[in-house]
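>>> next comes the sequence, and after it the predicted model I'd like to discuss.
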Amino acid sequence: MSNNFYNEVYAVVRRIPAGQVTSYGRIAHMLGRPRAARAVGYALNALEEGRSRADGTAVPWQRVVNSVGRISLVNRENSAQHQAELLRAEGVLVTAELTLDMDKYLWPGLTLWELDEILGGHGS
DNA sequence: ACAGTGACAACAT
DNA sequence: TATGTTGCCACTG
């Protein structure tokens, strides 16, 4: 709540198309905070069953993995498996070791105008 | 206000 | 190549 950063993260994640993925670090970079990767993960952790608390809209958190294309919830087996299944349901090939091919599924990213919207810019 | 924490990432062995 | 260690940022008591 009152966390502008969280909302920015959610806004970006919501733009990731099904079947594609990106990393925490890339999202941080898009938001102009190249070193805030951990904070991005923290933001997703604050989600309630995949919905943002603020507006309750869905946030496809499963499309965010670490920089080497591996599901980062390995410390939480259940959640990690859940994420893997959600991705597979979207057509993403996830190995038993919870890794996927970044070169193949990487999301190109936001367009400049989309990013401008999220950052509160008012399309000039 | 201060110290601890965590769904990361880059660097160093 | 495979671990271990060190910064980083924003959030929480």
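Done, it's in.
>>> from DNA strand B, how far off is A:Val92?
14 Å (C-beta to the nearest atom of the strand, to the nearest Å). Where C-beta positions appear, they are placed from N, C-alpha and C, glycine not excepted.
>>> I'd say that residue and A:Leu100 touch.
Yes: using C-beta atoms under 8 Å, A:Val92 is in contact with A:Leu100, at 5.7 Å.
>>> quickly check: stretch A:31-48 near DNA strand C or not.
Yes: contact of stretch A:31-48 with DNA strand C (C-beta under 7 Å from any atom of the strand) involves A:Arg33, A:Arg35, A:Ala36, A:Ala37, A:Arg38, A:Ala39, A:Tyr42, A:Ala43, A:Ala46.
>>> quick one, which of the residues you listed are buried?
Members of those that pass the buried threshold by neighbour count (16 or more other C-beta atoms under 10 Å) are listed as A:Ala36, A:Ala37, A:Ala39, A:Ala43.
>>> name the helix or strand for the last one, please.
Right, the one you point to is A:Ala43. A:Ala43 is part of helix A:37-45, with elements assigned from DSSP states H and E.
>>> just checking, what packs against that helix?
Applying 3 or more C-beta pairs under 8 Å, 6 or more residues apart in numbering; DSSP states H and E, one finds that helix A:37-45 makes contact with helix A:4-14, helix A:24-30.
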